[in-house]
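[1] below are the sequence and a predicted model; questions follow.
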Amino acid sequence: MSEKNHDGKRSARERMAAEREKQKSAEKRRRALIVGASVVCVLGLAAVIGVVAANSGKDKKSDAAGPVVTPSGATGKDSLAIPVGKDGAKSTLTVWEDFRCPACKAFETTYRPTIHELVDSGQLKVEYHLVTLIDGNMGGSGSRKAANAAACAQDAGKFSAYHDVLYENQPEETEDTFADNAKLIELAGKVDGLDTSAFQKCVNDGTHDSWVTKSNAAFQSGGFTGTPTVLLGGKNLYADQSMTPAKLKQMVEAANKG
């Protein structure tokens, strides 16, 4: 074999090896995108308190005593789910979220456009369950109060828009900004028609506090390990490290054809 051919084959092998490494790196980045929310939540809390687990998500400051007042239109077991989308949608995405949880914000940022597209086209219904995990882990009451405010928005038919506003304006995890009702009412001003006297009273009275506490208890007893927990057809999407918004869309479309 000539020296020239030998060098050419060696160069080709080196190029192939470099390409394989490039593909491996791209795959790692892609997987990191979907699991990033979970990892960020774990690392963020671990750095402060050492653990993120559902069984430590109890409200340590719970003044949510009183009758359980269910938000308008809530569905599911014990009426603990807030539905978004058409009832006739064949696929249902179940989402357990905490408005103080940075991992939940990461999930929303990545998947919201696809979820909105599927909901708006009638292909998907989302059932939101509200959790107070961060209140229990970090202290404070912002998770509960934000969830109560979101339930008040549901009463006004504005849950989806207000839900998005809360995540778009989420404070730092260590700052309990959402514990301030005035802040929650201020943010309602970003949703057309939500900042009404009825909404303000609902927020200030903590009308749905006991319902939020009951929802969090369901999360704890459900055996979940953290937020967000996202289920499609009973399958936890985070168990599939190859999950992406595009794959989620494909799964929903395939299920709807079946």
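    Here it is on my side, so go on.

[2] make it CA atoms for all contacts and neighbour counts henceforth
    Fine.

[3] how far off centre is stretch 114-121?
    Offset of stretch 114-121 from its chain centre (C-alpha atoms, centre = their mean, to the nearest Å): 16 Å.

[4] just stretch 203-214 next, same as before
    The gap between where stretch 203-214 is centred and where its chain is centred comes out at 20 Å by C-alpha atoms, centre = their mean.

[5] secondary structure element holding the residue nearest the centre of the chain?
    In the chain, the centroid-proximal residue (C-alpha atoms, centre = their mean) is Cys104; its distance is 3.8 Å. Here Cys104, judged by DSSP states H and E, is contained in helix 102-120.

[6] quick one: Asp78 from Leu231, how far?
    Distance, Asp78 to Leu231, using C-alpha to C-alpha, to the nearest Å: 19 Å.

[7] could you do Phe219 as well?
    Counting by C-alpha to C-alpha, the gap between Phe219 and Leu231 amounts to 13 Å.

[8] the more surrounded of those two?
    Neighbour count, other C-alpha atoms under 10 Å: between Phe219 and Leu231, Phe219 has more, with 25 against 18.

[9] hmm, that one is touching Val131, no?
    Yes. Contact status for Phe219 versus Val131: in contact at 7.0 Å, counting by C-alpha atoms under 8 Å.

[10] which neighbours do the two share?
    Residues within reach of Phe219 and of Val131 at once, by C-alpha atoms under 8 Å, 6 or more residues apart in numbering, are Trp96.

[11] sorry, back to before: give me every residue that touches the residue nearest to the centre of the chain.
    Contacts for Cys104 (C-alpha under 8 Å, 6+ apart) come out as 37, 97-98, 227-228.
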